[in-house]
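**Q** below are the sequence and a predicted model; questions follow.
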Amino acid sequence: MPIISTVIAGAIGTVAMSILMSTIHWAKLANADMIRALGSMATAKYENSFGPGLVIHFTSGILFAFPYAIFLSLVMEPSFLSMSTMGAVLGLFHGIVVSFLLLAVVRGLHPLERFRKAGLQVAVAHIAGHVGYGFVLGAALGSLGVAWDVFPSVG
C-alpha cells in the first residue's frame, strides 16, 4: 500500500497551501492567516497559536491526502498531468465546502474577534488555498506513481 507516499504527498500539498495562504495574507488581500486561526480555535488566544495551528493544519492536510489519493486512483492512471489537474478540481470542491462552513458556522464560533470577520475575500482565499493543495497533492501523487488498489482482484 502506498501509505508513506500518500503521507509525503499530503505534507507537500500542505506546504504549498500554507505558502499560498500566507502569501495572500501578507499581501493583505484577505485575512488568510489560516494556521493562527486554527491554532487560536484550540488555544482561544492569538499568542502561541502558531504551533498548535501548524500541527492541526499538517495533520489535516496529511489525513485529507488519503481520500484524495483513493479517489484519484479510482478515476485515472497515476500521471503528473492527470492527477494534478483532477487534484485541483477536487481542491476546488473541497475549498467551496470549507468556505461555506467557514462563513456559515466557524466565523460565528471563533473565540477571537479578528477571525469572526470572515467574508467573501477570506472564502475566496480558502478556495484558492484548497485548489493549490489539490493541484500540488495530485502532482506529487502522480510524480510518485501513487495508485491505491481500491478493488484488488481476487485470486
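**A** Structure's in. What do you need?
**Q** tell me which helix or strand of this protein sits lowest on mean pLDDT?
**A** Sorting the helices and strands of the chain by mean pLDDT, DSSP states H and E puts helix 107-109 at the bottom, at a mean of 81.
**Q** quick one: low-confidence parts of this structure?
**A** 1, 150-155 (pLDDT under 70).
**Q** swap the cut-off to 90 and go again
**A** Applying pLDDT under 90 to the chain flags residues 1-2, 31-32, 73-82, 102-120, 143-155.
**Q** and Glu37, how close does it get to Ser60?
**A** Careful, residue 37 is Ala and not Glu. 13 Å (C-beta to C-beta, to the nearest Å). Any C-beta I mention is one placed from the backbone N, CA and C, and that applies to glycine too.
**Q** quick one: which of those two has more around it?
**A** Using other C-beta atoms under 10 Å, the more surrounded residue of Ala37 and Ser60 is Ala37, with 26 against 13.
**Q** what residues sit buried inside whichever strand or helix holds that one?
**A** Using DSSP states H and E, Ala37 falls within helix 34-43. Using 16 or more other C-beta atoms under 10 Å as the test for burial, helix 34-43 gives 34-41, 43.
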